[in-house]
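Novice: pasting the sequence and the predicted model now:
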Amino acid sequence: MTEPEGFEQGAETVAARLAAESLIVDVDGFEGPLDLLLTLSRTQKVDLRRISILKLAEQYLAFVSTARKLRIELAADYLVMAAWLAYLKSRLLLPPDPADEGPSGEELAAHLAFQLERLQAMREAAARLMARDQLGRDFFARGLPEEMTRTRRVRYTATLLDLMQAYARIRTRDEFRPYAFDRDSVFTMEQALERMRGLINFAGDWTDLSVYLPEEWTGDPVRRRSATAATFAASLELAKQGHIELKQSETFAPIAIRRKKT
Amino acid sequence: MTETETEESGHAPSLFQAPPMAEQERMVEAILFASAEPVTVAELESRMPHGCDPAEALVHLRKRYEGRGVRLVRVGDAWAFRTAPDLGFLMQKEVVETRKLSRAAIETLAIIAYHQPCTRAEIEEIRGVAVSRGTIDQLLEMEWIRFGRRRMTPGRPVTFVVTQTFLDHFGLESARDLPGLQELRAAGLLDSRPMPGRDLSAEEAEDEDQIGQSELFED
Amino acid sequence: MTETETEESGHAPSLFQAPPMAEQERMVEAILFASAEPVTVAELESRMPHGCDPAEALVHLRKRYEGRGVRLVRVGDAWAFRTAPDLGFLMQKEVVETRKLSRAAIETLAIIAYHQPCTRAEIEEIRGVAVSRGTIDQLLEMEWIRFGRRRMTPGRPVTFVVTQTFLDHFGLESARDLPGLQELRAAGLLDSRPMPGRDLSAEEAEDEDQIGQSELFED
């Protein structure tokens, strides 16, 4: 960081400008407005406890205005701090208003000084912490730790209920036979749908649904039932998709379909 | 310049005095402690300041650890700290883990309990699948089953019976106290619905021939 | 018989005499040598024979290793052997490359250590800038910080505290031994001092809402 000494408005010497710009360009290096304030405060070269907050506020405001002149975008929190410092500056300069209830300018300034001192203190504490001897760098743990042999003893258990259920399962397993379709006699909706998609183009006028049953499925009643159900379900699906129209004159009457005219 | 170099590489005392032996001992101690593997004397020497004598430091160090909880031991041509052999028991931790018996094991156990004495072939017949050697071994090891008398049939197969340990574990006085199928059903342990008109006792005989869809039931 | 039982359950010496202190010292030495991680007194006790007093053995042991190449150090409520820091130069081979921490992470860590238990809002108040999720995550992942209790203020924000791993890494017996802690406290720099005219606790609640606990606890 170059010394931002003489960094004041109007002081347009080359050195000052360079200093200002280097500070600005480094704005990414600052961890927020408080960090920037802390950096600026160093130019006062006094103990943080005797720092002039008023002067610091002016330095900060000058920094912000220079940044603006250079068309450098500052993050919102830097601008919020600028606004707050401008307010603080006015409170510090104007005689206190006895009617005002809020904290005095001095109180606010004292708090800012405290914040800066605290941040500085934490910085130093962090540095002292990191300067300590560290494990794996300055001192070391046992490099060859001896394996704790964890003798894992597995104890198996079962309850009487487990035992009886197991036995019951074996002796009655046929009753537990999962219900499975006899695939030979099942005509699926997918099959029906596929079949009908090919046929509906020829269904210009009302045609009985039963006509669409595949021939080899019309003999055996079980197979016929399955094929009818699947074909009906498929026709509902096609109607829903807007490909066909369905009609039934009365309950249990034959169902007829035709291609929907487009 | 050339002279100094010759001197340093030779055995003559170097410019830098070697640390006192007590310090060398500390160094060896720290290196051996932190190293992930046993360290040779040559390596100790290369890591310690010039002029050190790790071999001698090792002698002192070894003596220092005599009778302690850890000892300095030689591993091949390298050195390492090791737990004193008499304290090895401290390096063990017994973890008891409770696990549910596998389905195969519990079924096998159930069959033995209900049908004892029972041969392996009989177990397999009832379960409908082969019984692995491991399953039987496990139950034997748990002392829940033991060998019974040999069956007086061709091949004289061994039989299995349940043990007192088994009865104790399940809180039974004898294996005859195990509830029968009817009772299991009455107790709601069987949620199967018997087929209408089918006699439970006749079930067994019928089952096999009639349905014959054994492939559905393989475990 | 009854007498013996009374004795056992009381504080009177048990049937099994605890080993002599020299022997207990050896045991503690062996256990701690064998472990790379600090071992708590409670764990030592659980691994040693009944009636042992590892705390006392540790006192003797620590004295024994004073000035040696390895030292017995306390880490929170646990103990470990660590090489003497002055011999670190010998251990170049063992150096573990740690991930370089960002300035933000180092400061956040220090703030948590010195102010713990410490909320995220407090860290932000001190640094004057938002704490990124990644920073906290990194410290959590390194196991240098962990979640502490929730603060009993509106919004019940979570707090962060440093861990035993942190203490071990920086060779601290406890968080009270942080460098300069007393001075900082005496100077009032560890006080929570709200901005005049502003209520910090209200702000915290607000803040917590904004961040949303979901962000902290997502995983």
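Specialist: Thanks, I have the structure now.

Novice: in terms of secondary structure, what does the strand or helix carrying A:Gly198 contact?
Specialist: Taking DSSP states H and E as the criterion, A:Gly198 maps to helix A:189-199. If contacts are counted by 3 or more CB pairs under 8 Å, 6 or more residues apart in numbering or on different chains; DSSP states H and E, helix A:189-199 sits against helix A:221-240. Just so you know, the C-beta spots here come from the backbone N, C-alpha and C atoms, and that holds for glycine as well.

Novice: please identify the buried residues of the helix it packs on?
Specialist: Neighbour-count burial for helix A:221-240 flags A:Arg223, A:Arg224, A:Ser226, A:Ala227, A:Thr228, A:Ala230, A:Thr231, A:Phe232, A:Ala234, A:Ser235, A:Leu238 (criterion: 16 or more other CB atoms under 10 Å in any protein chain shown).

Novice: what is the mean pLDDT for it?
Specialist: Per-region confidence: helix A:221-240 scores 87 on mean pLDDT.

Novice: what do you get for stretch A:200-210?
Specialist: For stretch A:200-210, the per-residue pLDDT averages 76.

Novice: kindly export it (C-alpha atoms) in CSV.
Specialist: C-alpha atoms of stretch A:200-210 as CSV (Å, rounded to 0.1, in the frame of the first residue of the first chain):
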residue,chain,number,x,y,z
ILE,A,200,-58.4,-46.3,-36.4
ASN,A,201,-57.4,-44.6,-39.6
PHE,A,202,-59.7,-47.0,-41.4
ALA,A,203,-62.6,-46.4,-38.9
GLY,A,204,-64.3,-43.7,-40.9
ASP,A,205,-67.8,-44.5,-39.5
TRP,A,206,-69.2,-45.9,-36.3
THR,A,207,-67.8,-49.4,-35.8
ASP,A,208,-68.4,-51.8,-33.0
LEU,A,209,-65.5,-52.1,-30.6
SER,A,210,-65.6,-55.9,-30.7
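
Novice: what's that stretch in contact with?
Specialist: Residues from elsewhere that reach stretch A:200-210, judged by CB atoms under 8 Å, 6 or more residues apart in numbering or on different chains: A:228, A:231-232, A:235, A:238, A:243-244, A:247, A:254-259.

Novice: who does whichever strand or helix holds B:Tyr114 touch, helix- and strand-wise?
Specialist: Using DSSP H and E, B:Tyr114 falls within helix B:103-115. Helix B:103-115 is packed against helix A:160-171, helix B:120-127, helix B:133-141, strand B:159-162, with contacts defined by 3+ CB pairs under 8 Å, 6+ apart.

Novice: could you pick out the longest strand of chain B?
Specialist: strand B:92-100 (DSSP state E).

Novice: any idea which helix or strand in chain A has the lowest mean pLDDT?
Specialist: None of the helices or strands of chain A scores lower by mean pLDDT, DSSP states H and E than helix A:14-25, at a mean of 62.

Novice: and the next element down the chain from that one?
Specialist: Reading on from helix A:14-25 to the C-terminus, the next helix or strand found by DSSP H and E is helix A:33-41.

Novice: now the element after that following helix, going C-ward?
Specialist: Using DSSP H and E, the first helix or strand after helix A:33-41 is helix A:53-69.

Novice: and chain C, is the next helix or strand after that following helix touching that?
Specialist: Heading C-terminal from helix A:53-69, the first helix or strand you meet, by DSSP H and E, is helix A:76-93. Yes - using CB under 8 Å from any CB of the partner chain, helix A:76-93 reaches chain C at A:Asp77.

Novice: from the contact counts, what lies against helix A:76-93?
Specialist: helix A:33-41, helix A:53-69, helix A:105-130.

Novice: hmm, whichever strand or helix holds A:Tyr156 touching chain C?
Specialist: Following DSSP H and E, one finds A:Tyr156 within strand A:149-157. No - Strand A:149-157 stays clear of chain C (CB under 8 Å from any CB), getting no nearer than 10.8 Å.

Novice: okay, that strand in PDB with CA atoms only?
Specialist: Presented in PDB, the C-alpha positions along strand A:149-157 are these (Å, rounded to 0.1, in the frame of the first residue of the first chain):
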ATOM      1  CA  THR A 149      -7.400 -53.800  17.300                       C
ATOM      2  CA  ARG A 150     -11.000 -53.600  17.700                       C
ATOM      3  CA  THR A 151     -12.000 -57.200  18.200                       C
ATOM      4  CA  ARG A 152     -15.400 -57.100  16.900                       C
ATOM      5  CA  ARG A 153     -17.500 -59.700  18.500                       C
ATOM      6  CA  VAL A 154     -20.800 -60.200  16.600                       C
ATOM      7  CA  ARG A 155     -23.600 -61.500  18.600                       C
ATOM      8  CA  TYR A 156     -26.400 -62.900  16.600                       C
ATOM      9  CA  THR A 157     -29.900 -62.800  18.100                       C
END
